[in-house]
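A.B. asks: Here you go, sequence then predicted model.
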Amino acid sequence: MFEIEAGDDGTIWLRGRFDAAQVETAKKVLDSITESRVVDFRELNYISSGGLGLLFSVQRKLVDRGHRLRLVNLSPHLREIFVIAEFDRIFEIG
């Protein structure tokens, strides 16, 4: 199960398993982002290469406009995935 929600403060909440089957669902929310946002991974258990690719494409679009995604509350396992993929150089991870 996967859920994505934009909070009233603009924070994007990810929950469950963000796998390839969920990319289209996430794309509907993430493609609407036009300025810097926090993405909270607190309740995310898994992210696939499809999920990583979507986040990367949103980040690239935002950086071109002077904005960016800030990723917070990554579990040690998810943080390791971002480091191995060298996405810790692309995203601000807090």
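C.D. replies: Now that the structure is in, tell me what you want to look at.

A.B. asks: can you tell me which residue is nearest the centre of this protein?
C.D. replies: Centroid-nearest residue in the chain, with C-alpha atoms, centre = their mean: Leu55, separated by 4.8 Å.

A.B. asks: what's the neighbour count on the closest residue to it other than its chain neighbours?
C.D. replies: Take Leu55 and drop its neighbours on the chain: the residue closest to it by C-beta to C-beta, 6 or more residues apart in numbering is Leu69, 6.8 Å away. Placement of C-beta: from N, CA and C, glycine included. Counted by other C-beta atoms under 10 Å, the residues lying close to Leu69 total 21.

A.B. asks: Please give me every residue in contact with Leu69.
C.D. replies: Ile33, Ser36, Arg37, Val38, Val39, Leu55, Val58, Gln59, Leu62, Phe91, Glu92 (C-beta atoms under 8 Å, 6 or more residues apart in numbering).

A.B. asks: The lengthiest strand in the chain: partners in the sheet, and parallel or antiparallel?
C.D. replies: The single longest strand within the chain, with elements called by DSSP state E, is strand 37-47. Strand pairing for strand 37-47, using DSSP bridges, gives strand 12-18 (parallel), strand 69-72 (parallel).

A.B. asks: how near is the closest residue to Ser36 other than its chain neighbours to Phe82?
C.D. replies: Leaving aside its chain neighbours, Ser36 sits nearest to His67 (4.2 Å; criterion: C-beta to C-beta, 6+ apart). Separation of His67 from Phe82 (C-beta to C-beta, to the nearest Å) stands at 19 Å.

A.B. asks: Over to Tyr46?
C.D. replies: Using C-beta to C-beta, we find Tyr46 at a distance of 13 Å from Phe82.
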